[in-house]
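Student: heads up, no residue letters with this:
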């Protein structure tokens, strides 16, 4: 499975994603510069976190209109897999590839901490190795991660099972105290209608090796690779 | 032609920045402050044959980039109307 990691001016998690894909998953991966009009021969495109274009205007606003995002739009329309984390999620929302938008954290603080996520939808290529209600631990690192959408879109998200991850307690309870940024309904990650474009504020690439304190992020990648489908017993704990 | 775009968070969307500024002003003795919301000003200068064309162009800029329709409303003001082109002297 070939991965492309998109790099904008101000992206900071590109090397982390590249490292996880090449050194942990042992899959081919290349960087894709934001001015590229062609993604080349990739199966999955990753939009990493950071501060693309300095977060000018709004987080992800300028990046969301860049040439590479137009290429990603075509790629996604053909069913290509797209994973956006942190600033990548903001970019996908700004580009209209995912519904909603991300606002400044309600607490006004930049939050850099470990969070627990409860898995709501396991019918996506990113989560098919997980079980419903499973709790994952991954770090967040953002100042603008408060997910917002109007009531009508929220109803659609619920009806179509597009809410994939929600901030929760370690036991999987979705509570106000477990919500680090004031997100609507504790939403941490959503998919598009077909489930092929995932955006989440947490950083799976920073929880992909035991040496950094956790490997739950790796489960997303392993789901992607299908390895967990072949050996599902590993995860059904 | 110069125009000014005012971008505001839509009514009902919590403005945490505005709330923080409001608290600071209340702390400075402005107890009469009822509500404060922070927005953005974008000043643009476009080549256009007339005011309507300039406004239409800036409206397109707002829809494509300057405002996020999920969160924000915008208004466009004219700062400086173009000087009428001098008539040819007969």
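Tutor: Received the coordinates, thanks. Quick caveat, the model's predicted, so the values are computed rather than measured. Numbering: from 1, shown residues only, chains lettered A, B, ... in the order given.
Student: who in chain B is up against chain A?
Tutor: Within reach of chain A by CB under 8 Å from any CB of the partner chain, chain B has these residues: B:13, B:14, B:16, B:17, B:20, B:64, B:65, B:66, B:68, B:70, B:71. C-beta coordinates here come from the backbone N, C-alpha and C atoms, glycine included.
Student: redo that, cut-off 7 Å
Tutor: Applying CB under 7 Å from any CB of the partner chain, we find that chain B lies next to chain A at B:13, B:14, B:16, B:17, B:20, B:65, B:68, B:70, B:71.
Student: if we take the residues you listed, which one ends up nearest to residue A:199?
Tutor: residue B:70 (13.7 Å; CB to CB).
Student: can you tell me which residues contact that closest one?
Tutor: Residue B:70 makes contact with A:100, A:101, A:148, A:149, according to CB atoms under 7 Å, 6 or more residues apart in numbering or on different chains.
Student: What pLDDT does the model give it?
Tutor: At residue B:70, the predicted lDDT confidence score is 94.
Student: Could you tell me whether it really is in a helix?
Tutor: No - Residue B:70 is assigned coil when assessed by DSSP: H, G, I helix; E, B strand; the rest coil, not a helix.
Student: Any regions of the chain where pLDDT drops low?
Tutor: I went with chain A, as the question did not name one. Across chain A, the ranges flagged by pLDDT under 70 are A:227-237.
Student: wrong chain, I was asking about chain B
Tutor: Ranges of chain B meeting pLDDT under 70: B:81-90.
Student: quick check, nearest of the contacts of residue B:70 to chain B?
Tutor: residue A:101 (4.1 Å; CB to the nearest CB).
Student: Just grab the bridge partners of that closest one for me.
Tutor: Bridge pairing for residue A:101 (DSSP bridges) gives the partners residue A:148.
Student: Wait, it touches residue B:71, no?
Tutor: Yes - counting by CB atoms under 7 Å, residue A:101 touches residue B:71, with 5.1 Å between them.
Student: Pick out whichever of the two has more residues nearby.
Tutor: residue A:101 (23 against 19; other CB atoms under 10 Å in any protein chain shown).
Student: which ones are touching that one?
Tutor: Residues in contact with residue A:101 (CB under 7 Å, 6+ apart) are A:93, A:148, B:68, B:70, B:71.
Student: residues contacting the nearest residue to residue A:20 once chain neighbours are set aside?
Tutor: Distances taken as CB to CB, 6 or more residues apart in numbering or on different chains put residue A:208 closest to residue A:20, at 4.5 Å, once the chain neighbours are dropped. Residues in contact with residue A:208 (CB under 7 Å, 6+ apart) are A:20, A:24, A:215, A:217, A:218, A:221.
Student: Residue A:17 too?
Tutor: For residue A:17, the contact set (CB under 7 Å, 6+ apart) comprises A:5, A:46, A:48, A:205.
Student: at 8 Å instead, please
Tutor: The contact partners of residue A:17, taken as CB atoms under 8 Å, 6 or more residues apart in numbering or on different chains, are A:3, A:5, A:29, A:46, A:48, A:85, A:205.
Student: do the same with residue A:122
Tutor: Counting by CB under 8 Å, 6+ apart, residue A:122 touches A:128, A:130, A:131, A:132, A:134.
Student: Do I have it right that residue A:35 meets residue A:69?
Tutor: No - under the criterion of CB atoms under 8 Å, residue A:35 makes no contact with residue A:69, lying 11.0 Å away.
Student: Looking at these two, which has the bigger crowd around it?
Tutor: Shown here are residue A:35 and residue A:69; by other CB under 10 Å, residue A:69 has more neighbours (22 against 9).
Student: Look up how far residue A:164 lies from the closest residue to that one other than its chain neighbours.
Tutor: Nearest residue to residue A:69 in three dimensions, chain neighbours excluded: residue A:95, at 5.0 Å (CB to CB, 6+ apart). Applying CB to CB, to the nearest Å, the value for residue A:95 to residue A:164 is 18 Å.
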